[in-house]
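Peer 1: just to be clear, the model below is a prediction. Sequence and coordinates:
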Amino acid sequence: MTRIPGVALAVLLGTGLASPAWAQTVTQADIQRLQDNAYLAERDITTLRSRDTARASQLQAELDDLKDEVIYLKVKLRKDRTLTRTEFGDVRDRIESVRSRAASATASNDVGSSRGISESNRTGATDDTRAARPLPRGAVEVPSGTELDARLQTGLNSGTAQVEDRFEATTLADLSVDGRVAVPAGSVLRGVVSSVEPATRTNRTAKMTVTFDQVTINGRDYPIRGTVTQALEGEGIKGDLPKAGAGAAIGGILGAVLGGGKGALLGVLIGGGGTIAATEGKELDLPQGTVLRVRLDSPVQIQTR
C-alpha cells in the first residue's frame, strides 16, 4: 500500500482530490435544504402552538437560534468558499431534532383529542368528522396556492443586492377566507434575497431570486413560504384598491386597477422557484413601488380575533 507523506496529503486535501467525509464541502443547494428544513420545523411548531403554547414557544426560541446559525453558514460559505460537512451536519441534525420534538408533542396532545373523537363515534360521528382537525378558535386557514399582490417598499437591483438582504412589501387588498378578512390590506410581507447574479460581460442575463418567509398582521408574525409569480410597474396602480376576497386576489385584481399603458409588465422573465431574470442585457431592477404577485406555497393559519 502506497503511503502519502503528510505534506502531500495536506496538499491533496486542499485541492479536494483526497477528501475524507469530514472535509467534504457543502454547496449552496445544501444550505437551501437547511433553510427548507427550518421552514418545515417552523410550520410544525405553528401546528403545535394551538395545542401546547408553552412547549411551542420553547421550541421556537431554539429554532430561532438555529435559523441564525443557518444564515451564518450561508455567509461563511459565500465568503470563504468552503464549509465542512461537520459544521453542516451539526446544524442539520439539531433542526431535525426540533422537528421531531414538535411532531412528538403534537401527537401526544392529539391522543386526548382522538379519545374524544372515539367517544363521539359511539354517538354517531362519521369518519369524516374523525379525520378532520378543527382550527383553533378564531383562526382561518389561507390555502396553499393563494396569491397576494404587494408593493415593494424598497427597490431591489441585481447590481447592488446581496444574498440574505431583507426587504418588505405591503399587501394591496384585503384577502378574505370564509367571509373573514385573513390578511388585511397594508399587511407587511417580509422577503429575502435567496440568490443574485449581476450582469457581467460574459453573463448578460442578470438574475435574482426573492422569497417571502413572514407576514405581519395586526402586530403578529406568521411564517409563510411565498414565491413571486409576476412583477408589474407600480406607477400604473391607482390609489386605493377595492376590498377583495380570496377569489378576487387569485383571479388578478391588478387587471382591473392598472391604468393605460402604465403598469405594464416589467421587462423581466420569472421562472420556476421565483427566479427573476432581466431580458435586456442589463441589471435586473425592481424599483420601489413595484407590485409583486406572491403565491403561498403552503397553507397558513391566521388568527382573526
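Peer 2: Looks like it arrived, so ask away.

Peer 1: and Gly272, how far is that from Asp174?
Peer 2: 29 Å (CB to CB, to the nearest Å). In this view, the C-beta of every residue, glycine as well, is placed from N, C-alpha and C.

Peer 1: contacting residues around Ala41?
Peer 2: Ala41 makes contact with Leu59, Leu63, Ile95, Val98, Arg99, Ala102, according to CB atoms under 8 Å, 6 or more residues apart in numbering.

Peer 1: can you tell me how far the second one is from Asp297?
Peer 2: To tie it back to what came earlier, the one meant is Leu63. According to CB to CB, Leu63 stands 19 Å off from Asp297.

Peer 1: neighbour-wise, which of the two wins?
Peer 2: Here Leu63 and Asp297 are compared on neighbour count by other CB atoms under 10 Å; more neighbours surround Leu63, at 21 against 17.

Peer 1: sec struct for the more buried one, please.
Peer 2: When classified by DSSP: H, G, I helix; E, B strand; the rest coil, Leu63 comes out as helix.

Peer 1: what mean pLDDT does stretch 26-45 have?
Peer 2: Average pLDDT, stretch 26-45: 81.

Peer 1: name the residues of it that are buried.
Peer 2: Residues 26, 30-32, 34-35, 37-45 are the ones in stretch 26-45 that count as buried (16 or more other CB atoms under 10 Å).

Peer 1: same deal with stretch 157-170?
Peer 2: Under the neighbour-count criterion of 16+ other CB under 10 Å, stretch 157-170 has Ser158, Ala161, Val163, Asp165, Phe167, Glu168, Ala169 buried.

Peer 1: stretch 47-62 too?
Peer 2: Those would be Thr47, Leu48, Arg49, Ser50, Arg51, Asp52, Arg55, Ala56, Leu59, Gln60, Glu62, for stretch 47-62 by 16+ other CB under 10 Å.

Peer 1: rewinding a little: return the member of the buried residues of stretch 157-170 nearest to Val142.
Peer 2: Among the buried residues of stretch 157-170, Ala169 lies closest to Val142 (CB to CB), at 16.7 Å.

Peer 1: I figured the closest one hits Asp149, correct?
Peer 2: No - assessed by CB atoms under 8 Å, Ala169 is found out of contact with Asp149, at 9.3 Å.

Peer 1: which ones are touching Leu40?
Peer 2: Arg99.

Peer 1: ditto for Gly138
Peer 2: Counting by CB under 8 Å, 6+ apart, Gly138 touches Gln303, Thr304, Arg305.

Peer 1: picking up where we left off before, now, the buried residues of stretch 157-170 that are in strands?
Peer 2: Among the buried residues of stretch 157-170, the members found in strands (DSSP state E) are Phe167, Glu168, Ala169.

Peer 1: quick one: low-confidence parts of the stretch 151-300 of the chain?
Peer 2: Of all residues in the stretch 151-300 of the chain, those with pLDDT under 70 make up the ranges 234-267, 280.

Peer 1: now the strands for it?
Peer 2: 156-157, 166-171, 175-177, 180-183, 188-197, 207-217, 220-232, 268-270, 275-278, 285-286, 291-296, 300-303 (DSSP state E, counting those that start in this stretch).

Peer 1: tell me which residues in the longest one are buried?
Peer 2: Right, the one you point to is strand 220-232. Tyr222, Pro223, Ile224, Arg225, Gly226, Thr227, Val228, Gln230, Ala231, Leu232.

Peer 1: for ChimeraX, what selects the buried ones among the contacts of Gly138?
Peer 2: What follows is the ChimeraX syntax selecting those of the contacts of Gly138 that are buried according to 16+ other CB under 10 Å:
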select :303,304
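
Peer 1: just put the contacts of Gly138 in TSV and tack on distance to Thr202 and pLDDT.
Peer 2: As requested, those are arranged in TSV below (distance: CB to CB, whole Å; pLDDT from 0 to 100):
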residue	distance to Thr202	pLDDT
Gln303	50	87
Thr304	52	83
Arg305	56	71
